[in-house]
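**Q** need a 3D model of the sequence below.
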Amino acid sequence: MLNGFPDEQKTGAGGPLAVLILENSDADFELLTLELRRQGLAAQCRRAETEAEYRAELANQPDIILADYMLTGFDAIRALELLHQTALVIPFIVMTGAVSEEFMVECMKRGAADYLLKDRVMRLGPAIRRALEENELRRQKLAAERALRQKNIELEAQYVEVQAASRMKSVFLANMSHELRTPLTAIIGFTELLVDGRAGKLGLEQLDLLQDVLGNGRHLLGLINDVLDLAKVESGTMRFRPETISIPDVVGEAVAGLRLLAQERRIALISDIRVPTEEVQLDPQRFKQVMFNYISNALKFTPAGGTITVRVLAQTDSSLRVEVEDTGIGIAVRDLPRLFQDFQQIDDGLSKQTPGTGLGLSLTKRLVEAQGGSVGVESVEGRGSTFFAVIPFGVERPVPAVA
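**A** Below you'll find the model as predicted:
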């Protein structure tokens, strides 16, 4: 072994080292060739003097290039430029007798692995070994970057396909929901006519059966409306229509709509509004829908004798925090990640007896996030839960009087 190299230094593929020497001096070419052999490098050396010969030799993809700084009709900097144009990853070492430091710095900036003075040719072996090792690391890095880019391209293509499939699903659900809702609305309307006695007097048994039909029809219509709203949010076709609303009035309407059900279940339903301004710019229908979904969910999981508190607080100067706190069964920590997911219900204890598709909380999350807000829950198993939504709003500013 000489200079730290094995007696027969070869390439990783097992063959001799392919060395391209850019040199216009016969004597210097022979000197470099002999020095490679003396240092135990099994090298096959080829020579190029002109730019045309250099271009031709690059097609053979040598393992390493040793270049004099000044050649016939071009120089080492030009040789580096031509190498970069091929996109080949080949270590390039500049060999020179005497040259300015600025020239060498420029060569290194252009990608040269090293430079050596010809009178210090004994350092050639270590320089080649170091250049080959660094080049192998560079090859691995470039290969990893190419693989990463390709993976990103594949992931992006998959994402586009998933998004397209999601849009198609949303359009399908929207169309199906619309087609189902139209005849169902007619069924509910005709049933209401029969129940109201407008089509003739009914017996008590018939009236009782029609009340069941009407109740189930309305329930089914509510589910279809939820699916339709969910599809609209997912497809980006949901339209929000903010207007100036009174927070106490809207909250009162939402609570009043469920107060009778709460009384039937012997659950106290309380509202607590603490906001600096009562009038804000919000979509009243969607605001009530969020509260209605939260309160309905709380009613399902709160036993008789419990309490549900609806709070509206000021989160910031431009957002409200709606909280629905119950004294129900609470939620286990392991089940929290399943909340706000499509068609998911917590099937534990009391919840096994509660109907529903699991769309209410999912739809609430989509509606709030579509308005730039966020949702969440805090719960202690066996003691109750607090579901909340932070919803941005606009404040109607008074128009200054003209003097």
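**Q** quick one: contacts for Leu82?
**A** Contacts for Leu82 (Cβ atoms under 8 Å, 6 or more residues apart in numbering) come out as Glu51, Tyr54, Arg55, Leu58. The way it works is simple: take the backbone N, C-alpha and C, and place the C-beta from them, glycine included.
**Q** could you do Leu220 as well?
**A** The contact partners of Leu220, by Cβ under 8 Å, 6+ apart, come to Leu184.
**Q** whichever strand or helix holds it - what's its average pLDDT?
**A** Assigned by DSSP states H and E, Leu220 belongs to helix 204-235. Averaged across helix 204-235, the pLDDT comes to 81.
**Q** now stretch 323-341
**A** 88.
**Q** how far out from the middle of the chain is that stretch?
**A** Here stretch 323-341 is found 26 Å from its chain centre; the criterion is Cα atoms, centre = their mean, to the nearest Å.
**Q** do stretch 84-101 as well
**A** Using Cα atoms, centre = their mean, the offset of stretch 84-101 from its chain centre is 43 Å.
**Q** which residues in the stretch 1-150 of the chain form strands?
**A** Counting by DSSP state E, counting those that start in this stretch, the stretch 1-150 of the chain has strands at residues 17-22, 43-48, 64-68, 92-96, 114-117.
**Q** sheet-wise, list the partners of the fourth one with their directions.
**A** Each strand that pairs with strand 92-96, with its direction, by DSSP bridges: strand 64-68 (parallel), strand 114-117 (parallel).
**Q** list the buried residues for the helix holding Leu220?
**A** Buried residues in helix 204-235, defined by neighbour count with 16 or more other Cβ atoms under 10 Å: 210, 214, 217, 221, 223-224, 226-235.
**Q** just checking, next helix/strand downstream of that helix?
**A** Moving toward the C-terminus from helix 204-235, the next element (DSSP H and E) is strand 243-246.
**Q** neighbour-wise, which one of the contacts of Leu82 leads?
**A** Greatest neighbour count in the contacts of Leu82, by other Cβ atoms under 10 Å, goes to Tyr54: 21 neighbours.
**Q** ok, now which ones touch that one?
**A** Tyr54 touches Leu20, Leu22, Ala48, Leu71, Phe74, Ala79, Leu82, counting by Cβ under 8 Å, 6+ apart.
**Q** cool, Val160 as well?
**A** By Cβ under 8 Å, 6+ apart, Val160 has no neighbours at all.
**Q** which strand or helix spans it?
**A** Element membership of Val160 [criterion: DSSP H and E] is helix 124-195.
**Q** run through the bridge partners of Gln281.
**A** Note on Gln281: beta-bridge partners Thr244, Gly394, judged by DSSP bridges.
**Q** these two touch, right, it and Pro242?
**A** Yes: look at Gln281 against Pro242 with Cβ atoms under 8 Å: they come within range, at 4.6 Å.
**Q** find residues that contact each of these two.
**A** By Cβ under 8 Å, 6+ apart, Gln281 and Pro242 have these common neighbours: Phe393, Gly394.
**Q** rounded mean pLDDT for stretch 151-167, please.
**A** Over the span of stretch 151-167, the pLDDT mean works out to 84.
**Q** thinking again about what came up before, show me which of the contacts of Tyr54 are buried.
**A** Buried members of the contacts of Tyr54, counted by 16+ other Cβ under 10 Å: Leu20, Leu22, Ala48, Leu71, Phe74, Ala79.
**Q** the third one touches Glu57, doesn't it?
**A** Yes: applying Cβ under 8 Å as the test, Ala48 and Glu57 come out as touching, 4.9 Å apart.
**Q** which neighbours do those two share?
**A** Common neighbours of Ala48 and Glu57 (Cβ under 8 Å, 6+ apart) are Leu20.
**Q** coming back round to it: nearest to Gly189, of the strands of the stretch 1-150 of the chain?
**A** Counting by Cβ to Cβ, Gly189 lies closest to strand 92-96 out of those; the figure is 84.0 Å.
**Q** quick one: that closest one to helix 124-195, angle?
**A** Angle, strand 92-96 to helix 124-195, by axes from the mean of the first three to the mean of the last three Cα atoms, to 10 degrees: 150 degrees.
**Q** helix or strand for Ala314, which one?
**A** strand 307-316.
**Q** about what we covered before: between the contacts of Leu82, which is closest to Tyr294?
**A** Checking those against Tyr294 by Cβ to Cβ gives Leu58 as the nearest, at 70.2 Å.
**Q** these two touch, right, that closest one and Leu88?
**A** Yes: with contact defined as Cβ under 8 Å, Leu58 reaches Leu88; the gap is 6.7 Å.
**Q** look up how far Ala165 lies from Val171.
**A** Using Cβ to Cβ, to the nearest Å, one gets 11 Å for the distance from Val171 to Ala165.
**Q** if you could redo that for Lys109, that was the one I meant.
**A** Going from Lys109 to Ala165 by Cβ to Cβ gives 49 Å.
**Q** then Leu207?
**A** Remark: distance between Leu207 and Ala165 (Cβ to Cβ) = 47 Å.
**Q** kindly report the same for Ile65.
**A** 51 Å.
**Q** with Asp283 instead?
**A** Asp283 is 29 Å from Ala165, by Cβ to Cβ.
**Q** can you pull the contacts of Val377?
**A** Val377 makes contact with Ile331, Leu336, Leu339, Ser385, Thr386, Phe387, Phe388, according to Cβ under 8 Å, 6+ apart.
**Q** let's see 7 Å
**A** Val377 is in contact with Leu336, Leu339, Ser385, Thr386, Phe387, counting by Cβ atoms under 7 Å, 6 or more residues apart in numbering.
**Q** with Ile295 instead?
**A** Taking Cβ under 7 Å, 6+ apart, we find Ile295 in contact with Ala254, Leu258, Ile308, Val310, Val324.
**Q** same question for Ile90.
**A** For Ile90, the contacting residues are Pro62, Ile64, Ile65, Leu83, by Cβ under 7 Å, 6+ apart.
**Q** comparing Asp283 and Ala165, which shows the higher neighbour count?
**A** Each of Asp283 and Ala165 had its neighbours counted (other Cβ under 10 Å), and the higher figure belongs to Asp283 (20 against 10).
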